[in-house]
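1. Structure here, sequence nowhere to be found:
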């Protein structure tokens, strides 16, 4: 067999074996690399390259080495799942960098971080002043997590004592000019609804790069033609305005009638509708 053919065969075989072994290791090998997993990934890649190019050595020896590395990695991951002491020893623990707004200099030295590096990590979390940070720690994978002091945290409905319902994820109903039937069915909608909404916006289906429907049934589109501006959905604003108009009409009817029973009914309805508007306002005005 010519050498160039053997290299191709070895490379294809290495790709297949490497793909299978990395699938066996799981997604954590990619998204949350510990120090040992980082070394393992480099070594496995180097071994796969050696199998492809080193035609003077038996190919199966490289496969055996790859398999051993993967089995050791799986064994260590299994040990980490079963033992906290093993996790702490292999991956180490999280380290506190800032506590009560005070930088822990000794811990910075332990993690071999400079002041500039700490500030850079804080900026990735939108914290530009160390004094505004209540608590910050660095995870075993090198990521920093930050808790701002209460006075510097973004205002949320919880701070205002407002309860809001859960919001469902938006569904992509149009992709690359094609209607996606499964997400539409999830929302209880159909293709006719999509065409109707597109007619309201004055755009054609083949010009829609992305179309999404949010939890309130509002239809958002992004077009291939960036020169065309599409108006934002106004369903929530329209509903809020209609409710306010109905409440105002009930008040007016109550003031304009001389019948005591009708006046009382209009006033009660107006008060009840006002309470409904107050309850749904956070949902319709955000």
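-> Cool, got the structure. In this text the structure is predicted, and so the values were computed from the model without any measurement.
2. all contacts plus neighbour counts: C-alpha atoms, from now on.
-> OK.
3. quick one, helices of the stretch 101-250 of the chain?
-> Assigned by DSSP state H, counting those that start in this stretch, the helices in the stretch 101-250 of the chain fall at 105-110, 115-123, 181-187, 191-201, 235-256.
4. Which positions in the second one come out as buried?
-> By 16 or more other Cα atoms under 10 Å, the buried positions in helix 115-123 come out as 118, 121-122.
5. Equivalent analysis for stretch 73-84, please.
-> Neighbour-count burial for stretch 73-84, counted by 16+ other Cα under 10 Å, picks out 73, 76-77, 80.
6. again with stretch 179-193
-> By neighbour count with 16+ other Cα under 10 Å, stretch 179-193 contains the buried residues 179-180, 183-184, 190.
7. pLDDT averaged over that stretch - what is it?
-> Mean per-residue pLDDT for stretch 179-193: 91.
8. Run through the stretch 51-200 of the chain and note the low-pLDDT ranges.
-> Where the stretch 51-200 of the chain drops to pLDDT under 70, the residues are 88, 90-91, 160, 162, 164-165.
9. quick one on the thing from earlier: closest one of the buried residues of stretch 179-193 to residue 205?
-> residue 179 (8.3 Å; Cα to Cα).
10. need the contact list for the closest one.
-> Listed by Cα atoms under 8 Å, 6 or more residues apart in numbering, the contact partners of residue 179 are 173, 191.
11. go on, the one 5 residues further on?
-> Residues counted as contacts of residue 184 (Cα under 8 Å, 6+ apart) are 171, 173, 190-191.
12. list the contacts for residue 114?
-> Contacts for residue 114 (Cα under 8 Å, 6+ apart) come out as residue 108.
13. Quick check: phi and psi on the residue nearest the centre of the chain?
-> In the chain, the centroid-proximal residue (Cα atoms, centre = their mean) is residue 169; its distance is 10.8 Å. In this entry, residue 169 is assigned phi and psi values of phi -70, psi 150 (degrees, to the nearest 10).
14. Verify the stated contact: it with residue 215.
-> Yes: between residue 169 and residue 215 there is a contact under Cα atoms under 8 Å: 6.6 Å.
15. Just the strands from this structure, written as ranges.
-> Per DSSP state E, the chain carries strands over the ranges 95-99, 102-103, 133-138, 144-148, 171-175, 178-179, 208-213, 219-223.
16. picking up where we left off before, and of the buried residues of helix 115-123, the nearest to residue 97?
-> Closest approach to residue 97 among the buried residues of helix 115-123 (Cα to Cα): residue 118, at 8.4 Å.
17. Which of the strands of the chain sits closest to residue 11?
-> Nearest to residue 11, of all those, is strand 171-175, at 35.9 Å by Cα to Cα.
18. That closest one pairs with which strands, parallel or anti?
-> Sheet pairing for strand 171-175, assigned by DSSP bridges, gives strand 178-179 (antiparallel), strand 208-213 (antiparallel).
19. what's the spacing between that strand and its chain's center?
-> Between the centre of strand 171-175 and the centre of its chain there are 17 Å (Cα atoms, centre = their mean, to the nearest Å).
20. ok, back up a step: can I get the helices of the stretch 101-250 of the chain in a markdown table including distance to residue 272?
-> What follows is those, written out as a markdown table (distance: least, Cα to Cα, whole Å):
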| stretch | distance to residue 272 |
| --- | --- |
| helix 105-110 | 58 |
| helix 115-123 | 48 |
| helix 181-187 | 30 |
| helix 191-201 | 33 |
| helix 235-256 | 9 |
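21. what's the closest of the ones you listed to residue 278?
-> Of those, nearest to residue 278 by Cα to Cα is helix 235-256, at 10.3 Å.
22. just to revisit the earlier point, of the helices of the stretch 101-250 of the chain, give the one that comes closest to residue 6.
-> Nearest to residue 6, of the helices of the stretch 101-250 of the chain and by Cα to Cα, is helix 181-187 at 45.9 Å.
23. what about the closest one, distance to the chain center?
-> Centroid separation for helix 181-187 versus its chain: 21 Å, with Cα atoms, centre = their mean.
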